[in-house]
Structure formats: structure tokens, C-alpha cells
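got a predicted model here, sequence first, then my questions.
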Amino acid sequence: MAKLYFYYASMNAGKSSHLLQADFNYRERGMATMLWTAALDSRSDGQVKSRIGLESEAHKFAPDTDLWAAISAAHKVQPLDCVMVDEAQFLTSDQVWQLARLADEGGIPVLCYGLRTDFQGELFPGSAVLLGIADALVELKAVCHCGRKATMNLRVDDSGAAVRQGQQTEIGGNDRYVALCRKHFSEALSG
């Protein structure tokens, strides 16, 4: 039976490289995969890219993308063995349910990778639904500067100071976000 998986972590935990390794493993065995990433992430340019230099072409989803229809149509042309979604925190609730339907009715395993929480410690909408309905939840580990497990994403300004307010989504990498343990995240926000 196909399952819906959610691999979640803070920034810099290797989510994209894990996705690309899983994709490689399927393809190495002659299996067909379909990769998706958020159109919102202007840095990706239609690719899943990891910080260690791995990358692969991907389809882009926007909030109005019907993933059930798009993936089902592709599956009819070339049967898919797995669907992988990067930046899954940007999925809508409906899109998460469409992916669950692909697993349940389409028999296609779906692997979603994304952040659990934003820079204020709040769940992203896509992540909230995935945490609620995924068949398997897998936490990938990042490391805080103190050596503890990093679970939080601190947004910083150009001078490296903590940002406490703003839009939930602001695209950026190491220039805008620092992965921290909860203790150091809380200290940075209260300082």
C-alpha cells in the first residue's frame, strides 16, 4: 500500500539532498519518479537544489496547481513509482489532500520534504496538514551552534540581528535564516 510521507526539519538539515538521494535510488532501479518544488521559491528556477550541489529538474506548484490532476495525467502516460515534493510547507491544505489521494487511490508513494515551522515558531499551512494526515513522519536533524538538535528557524536581517515580525514567507537561505535549538532561538528573540 502506498503511503504519504512527511520528512520535516529546520533549515540546513539536508531535506533537498535527502529527496535527491531518494530520487536517485528509484531511478537507478529503472523506476519513474516525478519531482515538484514550490514556484514561490524564486531561487530554485524549477529545480530541486541542495546546498551540497546536487540538483534535478522539477515541476513547479503554485497555490492553484491541481496536483491530483497533473500527476494523474502524467501517470497515465508514464506510470510513476514515486512522487517527491520539495518545499512542502508551501502546499495548500487542498494540495496535501490531493497528494494523500494519490497515495490512497492512485497507489503512488508520495514523499514530501519541508519545514515544520516558520521564523516565529508557527506551523506552515502545508506542514500542519501533513503533520495531521501523513502516514509516516520523519524528522531530519540539523545542528545548532551549541551542538544540540536545531528545530527552529531564526530569520535574521542584513546585520545578523533576529527578525521578530513580518510575512510568514520570505525566501532566503543562509543569508536570511539560521537553524537553532529552541533555547537559542528563544534567547535570540528575547535579546
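Looks like it came in fine.

three-state assignment of the most centrally placed residue in the chain?
Averaging the C-alpha coordinates of the chain gives a centre point, and the residue nearest to it by Cα atoms, centre = their mean is residue 114 (2.1 Å). For residue 114, the secondary-structure state derived from DSSP: H, G, I helix; E, B strand; the rest coil is strand.

contacting residues for the residue nearest to it when sequence neighbours are not counted?
Sequence neighbours aside, residue 88 is the residue nearest to residue 114 in space, at 3.4 Å (criterion: Cβ to Cβ, 6 or more residues apart in numbering). (Glycine included, C-beta is placed from N, CA and C.) In this structure, residue 88 makes contact with 6, 96, 112, 113, 114, 126, 127, 130, judged by Cβ atoms under 8 Å, 6 or more residues apart in numbering.

closest to residue 52 out of those?
Proximity of those to residue 52 (Cβ to Cβ) peaks at residue 113, which lies at 14.9 Å.

the closest one contacts residue 89, correct?
No. The criterion here is Cβ atoms under 8 Å, and residue 113 misses it with residue 89 at 9.3 Å.

the two: which has the busier surroundings?
Using other Cβ atoms under 10 Å as the criterion, residue 113 and residue 89 rank with residue 113 on top: 28 against 23.

next one: that one from residue 147, what distance?
Computed with Cβ to Cβ, to the nearest Å, the distance linking residue 113 and residue 147 is 24 Å.

could you identify the helix or strand that succeeds the helix or strand of the chain with the lowest mean pLDDT?
Among the helical and strand segments of the chain, the one scoring lowest on mean pLDDT, DSSP states H and E is strand 47-49, with a mean of 78. Of the helices and strands lying after strand 47-49 in sequence (DSSP states H and E), the nearest is strand 55-57.

and the furthest pair within the contacts of residue 88?
Greatest spacing in the contacts of residue 88, by Cβ to Cβ: 96 and 113 (13.1 Å).

point out where the chain drops to low pLDDT.
41-44, 166, 168-175 (pLDDT under 70).

quick one: buried residues of the longest helix seen in it?
The residue-count maximum for a helix in the chain (DSSP state H) belongs to helix 15-28. Neighbour counts using 16 or more other Cβ atoms under 10 Å place 15, 16, 17, 18, 19, 20, 22, 23, 26 of helix 15-28 among the buried residues.

tell me the contacts of the last one?
Pointing back at residue 26 there. Contacts were defined as Cβ under 8 Å, 6+ apart; by that measure residue 26 touches 32, 33, 81, 82.

quickly list what the spatially closest residue to it that is not a sequence neighbour is bridged to.
Closest residue to residue 26 in three dimensions, ignoring its sequence neighbours and counting by Cβ to Cβ, 6+ apart: residue 33, at 4.9 Å. Per DSSP bridges, the residues bridged to residue 33 are residue 82.
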